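>>> Fold the following.
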Amino acid sequence: MVRKVSVVTCVTVALFLSTSISFGSEIEKIVEIGKKSTVFIVANFKRQDGSVIPPQTGTGFLIDTATSPGLLIVTNKHILQRIIDNELKLSNEIKAKVYLSDLEPTFCETQLVAVHESYDLALLQLKLPPALPQDVNLKISPDGKPYYGIKATKFSLEDDILSESEIKEGHDVFFSGYPKGLGIEDAANYPVTRKGMIAQVVPKRGEVIIDSFSSPGNSGSPVYCFDGDKLKLLGIQKGFLRDYMIGYDESGNINSLNSYNSGLSIVITALVIKDFVYDLITTGKYTGEWSKPSNTQN
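Okay, the predicted model is just below:
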């Protein structure tokens, strides 16, 4: 009797280990792809007198469509905005650190394409840097424009996003980004990846809440999951929800109010991003500078 239990136990343990190893390897693949799509954003600002203000940093990620002329970076609008001389201004000098090669990430200049009127979204277009990484060969497209076969990954707005019916509470998600400005070193590009769960879905609102801690700098992070046999984009990290610790005096009156991270974060869905990009393309507001072959990888 003891031997039979032992055999069953061994078989059960073997099956469990096999499943765990398989699941673990899938998570590694998910994280690797998600991290490669992530870019570090630095927005520089100046006052009217020309003095420099410390930059704001955050996260963005690469997206593509079948009809756009080149790659786009989607990020949060609030990363690119700052109150300067009592006026809310957009940065006119935005850089993004992107995997152009296998050697090291490259800081590229970007051009602001548009900001969303209703959602905390902004779109940036990459510009070719003047100095190429050593292992990248400059190519010329049929229309005579230079392009890179970059090593970064990207989310296709046609094939790689979750539909409204696929966004379900309880679904595990991951997000990669740069909390605390961790990507600011010139020779490093190591985004931090965190895991969470879709905690609340309100139909047709364009935003969901995930149960996962995020920090300043995670704004703009891609939130993604493994759906079936493919990596899918849920949306973009907007920020965490604040909770409050209330203090009372001896008379029962409030004498202190301290905010803290509730552990819940807001995500703007990829469907909103798709509608935003499609509207720009159809209305002719986004034409692009990179030729279409820039979307192909080496």
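
>>> which residues touch the residue lying closest to residue 163 once chain neighbours are set aside?
Excluding its sequence neighbours, the residue lying closest to residue 163 (CB to CB, 6 or more residues apart in numbering) is residue 271, at 7.5 Å. Backbone N, C-alpha and C define where each C-beta goes, glycine included. Contact analysis of residue 271 by CB atoms under 8 Å, 6 or more residues apart in numbering lists 161, 163, 164, 206, 235.

>>> Of those residues, which is the most crowded?
Taking other CB atoms under 10 Å as the neighbour criterion, residue 235 ranks highest of the contacts of residue 271 with 27 neighbours.

>>> So which other helices or strands are in contact with the helix or strand containing that residue?
Residue 235 belongs to strand 230-248 when assigned by DSSP states H and E. Packing partners of strand 230-248 (3 or more CB pairs under 8 Å, 6 or more residues apart in numbering; DSSP states H and E): helix 2-37, strand 172-177, strand 207-211, strand 222-227, strand 254-269, helix 270-282.

>>> Just the C-alpha atoms of that strand, please, in PDB.
Extracted in PDB, the C-alpha atoms of strand 230-248 (Å, rounded to 0.1, in the frame of the first residue of the first chain):
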ATOM      1  CA  LYS A 230       0.600  34.700 -28.500                       C
ATOM      2  CA  LEU A 231       1.700  37.800 -26.600                       C
ATOM      3  CA  LYS A 232      -1.100  40.400 -26.500                       C
ATOM      4  CA  LEU A 233      -1.100  44.000 -25.400                       C
ATOM      5  CA  LEU A 234      -3.700  45.000 -22.800                       C
ATOM      6  CA  GLY A 235      -2.800  48.600 -22.800                       C
ATOM      7  CA  ILE A 236      -0.600  51.300 -21.300                       C
ATOM      8  CA  GLN A 237       0.100  52.000 -17.600                       C
ATOM      9  CA  LYS A 238      -1.300  55.400 -16.600                       C
ATOM     10  CA  GLY A 239      -0.600  55.600 -12.900                       C
ATOM     11  CA  PHE A 240      -1.500  54.100  -9.500                       C
ATOM     12  CA  LEU A 241      -4.600  54.800  -7.500                       C
ATOM     13  CA  ARG A 242      -3.900  56.600  -4.200                       C
ATOM     14  CA  ASP A 243      -5.400  55.600  -0.800                       C
ATOM     15  CA  TYR A 244      -5.200  57.700   2.300                       C
ATOM     16  CA  MET A 245      -4.400  57.200   5.900                       C
ATOM     17  CA  ILE A 246      -6.400  59.600   8.100                       C
ATOM     18  CA  GLY A 247      -5.300  60.800  11.500                       C
ATOM     19  CA  TYR A 248      -7.600  62.200  14.200                       C
END
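
>>> quick one: residue 209 from residue 285, how far?
31 Å (CB to CB, to the nearest Å).

>>> Out of those two, name the residue with the larger neighbour count.
residue 209 (18 against 10).

>>> was I right about the more buried one contacting residue 265?
Yes. Counting by CB atoms under 8 Å, residue 265 is a contact partner of residue 209 at 7.0 Å.

>>> which residues do those two both contact?
With CB under 8 Å, 6+ apart as the test, residue 209 and residue 265 both reach residue 241.

>>> and after the helix or strand of the chain with the lowest mean pLDDT, which helix or strand comes next?
Least confident helix or strand of the chain, by mean pLDDT, DSSP states H and E, is helix 2-37 with a mean of 53. Beyond helix 2-37 on the C-terminal side, the first helix or strand identified by DSSP H and E is strand 38-46.

>>> other SSEs contacting the helix or strand following that next one?
Following strand 38-46 in sequence order, the next helix or strand is strand 52-64 (DSSP H and E). Other elements packing on strand 52-64 under the criterion 3+ CB pairs under 8 Å, 6+ apart are strand 38-46, strand 72-75, strand 81-84, strand 155-156, strand 172-177.

>>> In CSV, list the ones you listed along with mean neighbour count.
Converted to CSV, these look like this (neighbours: other CB atoms under 10 Å):
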stretch, mean neighbour count
strand 38-46, 24
strand 72-75, 26
strand 81-84, 15
strand 155-156, 18
strand 172-177, 24
